[in-house]
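Visitor: Sequence plus the predicted model coming up.
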Amino acid sequence: MRAKHDPTLKYLNNVVDFKEHSNSEIDRLVLPRTISGHREKLHLFDTFLELHPQASSHPDIQTCRAFMEWIGMGIVGRLNERPTVKMMLGIFRQFRSGLKRER
């Protein structure tokens, strides 16, 4: 009787040379207005840290949620008095990118 073919077996004999790969991240060209948006969100985060000493400076999930709630209560949306989910996701994306690039 023939054994069932296992597709993972063909990878067992492959060898990878780690010297061909670096551990550095690729930095892409970023527009100046994008960098200013990142810095603005990081400045807001620094203000948040000053007002909330229990928040960690290297943000964990709890700190990120509290920071986003704090921002959401402080800005006015275009459609209502509160910002939309899409707007908040954009703010978080700018904050995360700025945190990754600059700190």
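Guide: Okay, I see it.
Visitor: Quick one, grab the pLDDT at G77.
Guide: Note on G77: pLDDT of 79.
Visitor: Let me know whether it touches M88 as I believe.
Guide: No: assessed by Cβ atoms under 8 Å, G77 is found out of contact with M88, at 9.2 Å. For the C-beta atoms, the positions are set from N, CA and C on the backbone; glycine is no exception.
Visitor: the more surrounded of these two?
Guide: The neighbour comparison of G77 against M88 (other Cβ atoms under 10 Å) goes to M88, with 17 against 12.
Visitor: Now do the buried residues in the helix or strand harbouring that one.
Guide: Element membership of M88 [criterion: DSSP states H and E] is helix 85-102. Residues M87, M88, I91, Q94, F95, S97, G98, L99, R101 are the ones in helix 85-102 that count as buried (16 or more other Cβ atoms under 10 Å).
Visitor: In JSON lines: these, plus pLDDT and distance to L49.
Guide: Formatted as JSON lines, those follow (pLDDT from 0 to 100; distance: Cβ to Cβ, whole Å):
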{"residue": "M87", "pLDDT": "91", "distance to L49": "23"}
{"residue": "M88", "pLDDT": "93", "distance to L49": "19"}
{"residue": "I91", "pLDDT": "94", "distance to L49": "17"}
{"residue": "Q94", "pLDDT": "94", "distance to L49": "17"}
{"residue": "F95", "pLDDT": "95", "distance to L49": "13"}
{"residue": "S97", "pLDDT": "92", "distance to L49": "19"}
{"residue": "G98", "pLDDT": "93", "distance to L49": "14"}
{"residue": "L99", "pLDDT": "92", "distance to L49": "12"}
{"residue": "R101", "pLDDT": "88", "distance to L49": "18"}
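Visitor: if we can go back for a sec, the helix holding M88 - contacts with which helices or strands?
Guide: Helices and strands touching helix 85-102, by 3 or more Cβ pairs under 8 Å, 6 or more residues apart in numbering; DSSP states H and E, are helix 32-51, helix 61-74.
Visitor: give me that answer again for 6 Å
Guide: Helices and strands touching helix 85-102, by 3 or more Cβ pairs under 6 Å, 6 or more residues apart in numbering; DSSP states H and E, are helix 32-51.
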